[in-house]
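J.: 3D, please:
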Amino acid sequence: MLNIKRILLPIDIPIDVPINCLDVIHQAAILAHHFNSQIIMLHVVTAQSSDAGVPNDKRAWASWDMLAVIEREAKDQGDSSIGPALQGLSIRSELAEGEVAEVIVQTAEQEKVDLIMMPSYSRTFDAFLMGSVTAKVLNGTERPVWTGAHVQRSQEQKLAIRNVLAAVEFGPRADVTVSWAAQIAAEFGARLTLANVTASAEYWGPGGDYVDEKLKDQLVRDASEQMSTLQQATGVKADVFIGSGHVPKVLSQAAKQTNADLLVTGTYPYGGQLRTHGYGIICAVQIPVLSV
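T.: Below is the predicted model:
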C-alpha cells in the first residue's frame, strides 16, 4: 500500500501563472485528503516575493500567513475554492532563502517527505522559468516528484484519476515504476496501461525518411516479451502499449490513446532514456506526471 504521509509543496508567490500553479495546490489537497497526508508548503524567497507582502525581515516570517495570501491571490485569479479544498488538512508553511531548486531538494531530504508536488512552469519562481527549477529538482532528488500538467487551462479542473499510464524502461528499477503505477491505479479504481518506447526504426535516405519495418517489428516483439515477463514478475495485470521513436512524442500519443489522467514514469537509472527525456516528457504529455 502507498504510504504518502508528507507532501512537500513548493509555492510560487505571487501566483503569476494561475491555472498551472493553482491546479497543483488542488491536486495536493486531493492526495492529502485521500492519504491523510501532511502538506509542507515551502516558499523560497526571491526578489519578487516582496510584491506579495512577504516580509524582508526574517523575524517577521513566523507571523506571516502564507495560506491567507494564497487564498487572496487565488480569489483574484477567479478561484475561490482553494480555502475549502485545503480545509481540514494538516498544513505547515515554511519560508527559506537560497537557490530555489537546491532549497527544495534539501527540504525534501530534511523533512523526509514521501512526495514533492510542484508546477511544471511559472514566470516568477526564479530568475529563470520554473521549468529549469523543475528539471533541477528532478535531477537532484531520488524522491518521487509530481509535476502539474504543462498547459494553461481556461478554468480549474478537478483531478480525476480514471486512467493511469506507466512509462516503463526495462532494467533493475522497472518494478518500482510498475508498483507505483499499480498502487495509484488501485487507490483510485483506475485502469492501468504499461507503456514502453523502443529505439527508433526510422532512418534517413535519399528522398526523405524511411522506416525499417522488419527492425521495428523485431523491436516491438522483444519489448512485448520483456513486458510480459515484467508483468509476471510483479503480478500486475494491465493493458500494454508498445511504441517506437521519439520518447516524448510517443508517450504523448499513448496518453491521448489511453485517455490517461496521470503518467507515472521511472526516472532511474541515471542515463536512461526516460530520465534523459524527463522534462521533455512532462512538456509533451500535458497531464500530471509522477516521476519515481
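J.: Quick check: which element contains Gln218?
T.: Remark: Gln218 resides in helix 213-234, with elements defined by DSSP states H and E.
J.: Tell me the helix or strand right after that helix.
T.: On the C-terminal side of helix 213-234, the closest following helix or strand by DSSP H and E is strand 239-244.
J.: if you average pLDDT over that following strand, what comes out?
T.: Average pLDDT, strand 239-244: 94.
J.: how about the CA coordinates for that strand, as CSV?
T.: Listed in CSV are the C-alpha atoms of strand 239-244, where the atom choice follows Å, rounded to 0.1, in the frame of the first residue of the first chain:
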residue,chain,number,x,y,z
ASP,A,239,-3.1,-3.2,-20.8
VAL,A,240,0.1,-2.8,-22.8
PHE,A,241,1.2,-0.1,-25.2
ILE,A,242,4.5,-0.5,-27.2
GLY,A,243,5.7,2.3,-29.4
SER,A,244,9.0,3.3,-31.1
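J.: Direction included, what does that strand pair against?
T.: On the basis of DSSP bridges, the sheet neighbours of strand 239-244 come out as strand 191-198 (parallel).
J.: now for the helix holding Gln218, which elements pack on it?
T.: Helices and strands touching helix 213-234, by 3 or more CB pairs under 8 Å, 6 or more residues apart in numbering; DSSP states H and E, are helix 174-188, strand 191-198, strand 239-244. For every residue, glycine as well, the C-beta is placed using N, CA and C.
J.: residue ranges with poor pLDDT in the stretch 1-150 of the chain?
T.: Under the criterion pLDDT under 70, the flagged ranges of the stretch 1-150 of the chain are 14-20, 52, 121-131.
J.: again, only this time at 90
T.: Low-confidence segments of the stretch 1-150 of the chain, defined by pLDDT under 90, are located at 1-2, 11-23, 45-66, 68-70, 72-80, 100, 119-136, 138-140, 142, 148-150.
J.: how about Cys41, what does it touch?
T.: Residue 41: Met, not Cys. By CB atoms under 8 Å, 6 or more residues apart in numbering, Met41 lies in contact with Leu9, Ile11, Met66, Leu67, Ile70, Ile91, Arg92, Ser93, Glu94.
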